[in-house]
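> From the sequence below, what's the structure:
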Amino acid sequence: MKASIKLALLCLAVAASGNVFAKSSISDDKFRQLEENLPTPNTYRTASGAPGHQYWQQKVDYNIDIAIDDKTQRLTGSESIKYTNNSPDTLRYIWIQLDQNRLKRNSNTNLTRTAPNSKTTYRGMRNVVESDAFDGGYNITKVTASNGKPMAHTINNTMMRVDLSTPLKHGDTVEINIDWDYQLHEQKVLGGRSGYEYFEKDDNYLYEIAQWFPRAAAYYDAMGWQNKQFLGNGEFALEFGDYDVEITVPADHIVAATGVLQNSKKVLTKTQRKRLDKAETANKPVMIVTPEEALENEKSRSNKTKTWHFKAKNVRDFAFASSRKFIWDAQGYKAGGTDTMAMSFYPNEGNPLWGRYSTEAVIHTMEQYSKYTFDYPYPVSISVHGPIGGMEYPMITFNGYRPTLNEETGEKTYSRRTKYGLIGVIIHEVGHNYFPMIVNSDERQWTWMDEGLNTFLQFLAEQAWEENYPSRRGHAANITSYMKSDNQVPIMTNSESILQFGNNAYGKPATALNILRETIMGRELFDFAFKEYAQRWKFKRPTPADFFRTMEDASAIDLDWYWRGWFYTTDHVDLALGDIHLYRPNSQNPDVEEAWERALENEKPTFISDLRNKGHDLRVNGRPELLDFYNEHDKFTATNAKRNSYNTSQKKLKEWEKELLVDDRNFYIVDFKNKGGLVMPILLDITYADGEIEHVRIPAEIWRKNSEKVSKLFIRDKEITAIALDPNWETADVNVNNNYWPARPIKSRFELYKRKQQDMMRDYNVELKTEKNAKKEDK
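The predicted structure follows:
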């Protein structure tokens, strides 16, 4: 008897744990450690994910003078680069980025551009035609050393190698002087991250200028020279340094730029300077240049120029904007270690949206991002409205979205999408000051390390703006259509090879981090680990391994299965409820067990033949002598022999063994299937007969022995009436229709419509033509 009890319990255990003997290979092991894919830790980058005690990075300082010709839209510049070699290596040459060369007619970007679809927009076709005609790129007129002597150099598409006459050893510095010029382009025609917008009605230009000067490429321990060609998607890998920049523009222009203005008395009026002083302690934006003043500026045409002088310390890039159309507002913001001036520059075309939301969104971003990372360290944070839809640089961002103007009435209106699009893009681009402008990842190699992390923080900031903010990315359910699509590559794909760029580099990693925070790690552990990563790598250059390792190091959670599934594969989440079994221990008592078997038999439907045969004349009806003991008792009747055997076996059992036999609780075994490939926690809402709902969260490690199917035992006093898998849509499950027991109907609508007259005529003409052709063939 003891053996039979143990066998019954063993059957329960095996059923509850799934097929523990299922075959699996190393390649199918979802929990295989990631160390085989990550670089070996060293003295520069440790196994904990922190910078090592010998970590180093280069320093590059710039002194630049440039001018913009507002009549020809041409930029002319001269720079002195001071390059300090902090690496342990000796360098024989310096690579310089020439990003504007992407716009050369014979650039790799244009040569590798594939044909447009046969059905395309006017703007899209204009871009194709104008790109073929425009011959942009740098005109390098001088490359010299500090002594004025020419330096040998070789231009290879978007990279220029400057050869050093004397090898640059550790700790040494070299000076490189470069003169150049290039033709600016109309951004709305040729696209890109820089350019100008022309306003025909008032004959004015608004310039948003970036990637405008030859910049030193990054050189670091994990990569060497990051000199991959710039094709358009993979953005920038740059070194920190100090900038001293003078920008000469028409005298009636207003300039916004990275850094702090050094000569405000020369370029600003006394009134403007007083307004700036007032803005430092204001609790709402103060107008430095009012809308009315900006409209007056639009009408002016100064033949003179002004030079605006800016300095910026410890930044990795420099950008600026210039126009006579700018309205300018500002508000000081101090919190913790942050002491900055939030500012917005925008033409009248941007109001009423920009005056209401831009600077508020700038301050909100710093306030929220600092909670999860570090205090904003720079003296200014600027949002500029012009042709660029959204782009980021240290201390300055270019942002799109403006109201729609009714040409007839002169009234401006904006949609819900435009309003939240503006707030969202400002949060996103200002947020880039944290990633990658300060946490300086290699954008040319890994887009997701700045775009994905930043989109995640953007989601948190948007949710702190107002209740039910309509965030595009972040909620798990918003990424499911992409996750189940065929045309995709893993997140860990080089920036220039990504398919579905926005979903891959922005949406999926942002969603993965939000799931990690809400579902896998919990907010407390995640927030601590994420902030530790930001603090460790502030003003340094992390790699993916540094991020993965830090998140585990600071939380004591093995996340290798998560990084592998979400970042290294294109698997998706599709967990499904399988069979549900109700067990109770076999009491061995024949009176109890036979009654249970009889009740189970009675639950079965009556066979159709038996139903139709009721009332038929039966042989035994007229011959009662044919009936015997078995007709009086069904097959479930407990016999005395069975009772005696049961009583004998009971005497051999211990009390705890007897208690197991009479445990009348419900033993539910629930099967789960993994149809999508990604293992995830099993999240359940279990509903009982009395209406109570129990929330159950089972870690993803339940899949570690069998990643395709598992079973789980639930011992409950009450009857379960319903089970919902991932009830709050936390895991990005692409098919929630298989997540319910009992199954729920799939709700939808029939969309009814009337056929348009032109469609009916077209079909009629097609039929008529077909009929005529058939008659011709008959003849």
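
> I figured residue 688 was touching residue 723, is that so?
No: the pair residue 688 / residue 723 is not scored as a contact, 10.6 Å apart, by C-beta atoms under 8 Å. (C-beta placed from N, C-alpha, C; glycine too.)

> what about these two, which has more around it?
Between residue 688 and residue 723, counted using other C-beta atoms under 10 Å, residue 723 has the larger neighbour count: 20 against 16.

> Look up which helix or strand the more buried one falls in, please.
Assigned by DSSP states H and E, residue 723 falls within strand 720-725.

> Show me how far that strand is from its chain's centre.
Relative to its parent chain, strand 720-725 has a centroid offset of 32 Å by C-alpha atoms, centre = their mean, to the nearest Å.

> Can you list the buried residues in that strand?
Buried residues in strand 720-725, counting neighbours by 16 or more other C-beta atoms under 10 Å, are found at 720, 723, 724, 725.

> and the last one, what are its bridge partners?
For residue 725, the beta-bridge partners under DSSP bridges are residue 684.

> Surely it and residue 681 touch.
No: Residue 725 is beyond contact range of residue 681, at 10.6 Å (criterion: C-beta under 8 Å).

> what's around the nearest residue to residue 484 once chain neighbours are set aside, how many residues?
Excluding its sequence neighbours, the residue lying closest to residue 484 (C-beta to C-beta, 6 or more residues apart in numbering) is residue 734, at 4.2 Å. Neighbour count of residue 734, defined by other C-beta under 10 Å: 20.

> likewise residue 138?
Residue 138 - counted by other C-beta under 10 Å - has 24 other residues nearby.

> and residue 580, what helix or strand is that in?
Counting by DSSP H and E, the element that carries residue 580 is strand 575-583.

> How confident is the prediction for the residue nearest to residue 484, by pLDDT?
pLDDT for residue 734: 97.

> List the contacts of it.
Taking C-beta atoms under 8 Å, 6 or more residues apart in numbering, we find residue 734 in contact with 480, 481, 483, 484, 572, 573, 574, 676.

> a strand runs through residue 212, doesn't it?
No: using DSSP: H, G, I helix; E, B strand; the rest coil, the secondary structure at residue 212 is coil, not a strand.

> my guess is it contacts residue 74, does it?
No: proximity of residue 212 to residue 74 does not meet the contact threshold set by C-beta under 8 Å, at 11.7 Å.

> between those two, which one's more packed in?
Neighbours per residue (other C-beta under 10 Å) separate residue 212 from residue 74, with residue 212 holding more: 22 against 14.

> which residues does the nearest residue to the more buried one once chain neighbours are set aside bridge with?
Spatial nearest neighbour of residue 212, chain neighbours left out: residue 75 (6.1 Å); criterion: C-beta to C-beta, 6+ apart. Judged by DSSP bridges, the bridge partners of residue 75 are residue 68, residue 182.

> ok, residue 75 to residue 222 distance?
Between residue 75 and residue 222 the distance is 34 Å, computed by C-beta to C-beta, to the nearest Å.

> now residue 261
To residue 222, residue 261 is 37 Å away according to C-beta to C-beta.

> Then residue 208?
From residue 208 across to residue 222, the span is 33 Å (C-beta to C-beta).

> the more surrounded of the two?
Using other C-beta under 10 Å, the more surrounded residue of residue 208 and residue 222 is residue 208, with 29 against 17.

> Assign the more buried one to helix, strand or coil.
Taken by three-state DSSP, the conformation at residue 208 corresponds to strand.

> need the contact list for it.
By C-beta under 8 Å, 6+ apart, the contact list for residue 208 reads 187, 194-197, 319, 321, 384, 386-388, 391, 398.

> Find the pair from these with maximum spatial separation.
197 and 319 (15.5 Å; C-beta to C-beta).

> more crowded one of the two?
Higher neighbour count among residue 197 and residue 319: residue 319, with 25 against 20, using other C-beta under 10 Å.

> Does residue 164 lie in a helix or a strand, and which?
Taking DSSP H and E as the definition, one finds residue 164 inside strand 159-168.

> related to what we said a few turns ago, filter the contacts of residue 734 down to just the buried residues.
480, 483, 484, 572, 573, 574, 676.

> just checking, which of these belong to helices?
Among the buried ones among the contacts of residue 734, the members found in helices (DSSP state H) are 480, 483.

> Using a markdown table, lay out the buried ones among the contacts of residue 734 together with pLDDT and distance to residue 753.
Below are the buried ones among the contacts of residue 734 laid out as a markdown table (pLDDT from 0 to 100; distance: C-beta to C-beta, whole Å):
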| residue | pLDDT | distance to residue 753 |
| --- | --- | --- |
| 480 | 96 | 28 |
| 483 | 96 | 31 |
| 484 | 95 | 28 |
| 572 | 97 | 33 |
| 573 | 98 | 35 |
| 574 | 98 | 33 |
| 676 | 96 | 35 |
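
> one step back: using CSV, write out the CA atom coordinates for the strand holding residue 164.
Listed next in CSV are the C-alpha coordinates belonging to strand 159-168 (Å, rounded to 0.1, in the frame of the first residue of the first chain):
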residue,chain,number,x,y,z
MET,A,159,36.8,59.8,-43.3
MET,A,160,40.1,61.7,-43.6
ARG,A,161,43.4,60.2,-42.3
VAL,A,162,45.9,62.8,-41.2
ASP,A,163,49.4,61.4,-41.0
LEU,A,164,51.6,62.6,-38.2
SER,A,165,55.2,63.5,-38.9
THR,A,166,56.2,62.2,-35.4
PRO,A,167,54.3,59.3,-33.8
LEU,A,168,52.1,60.4,-31.0
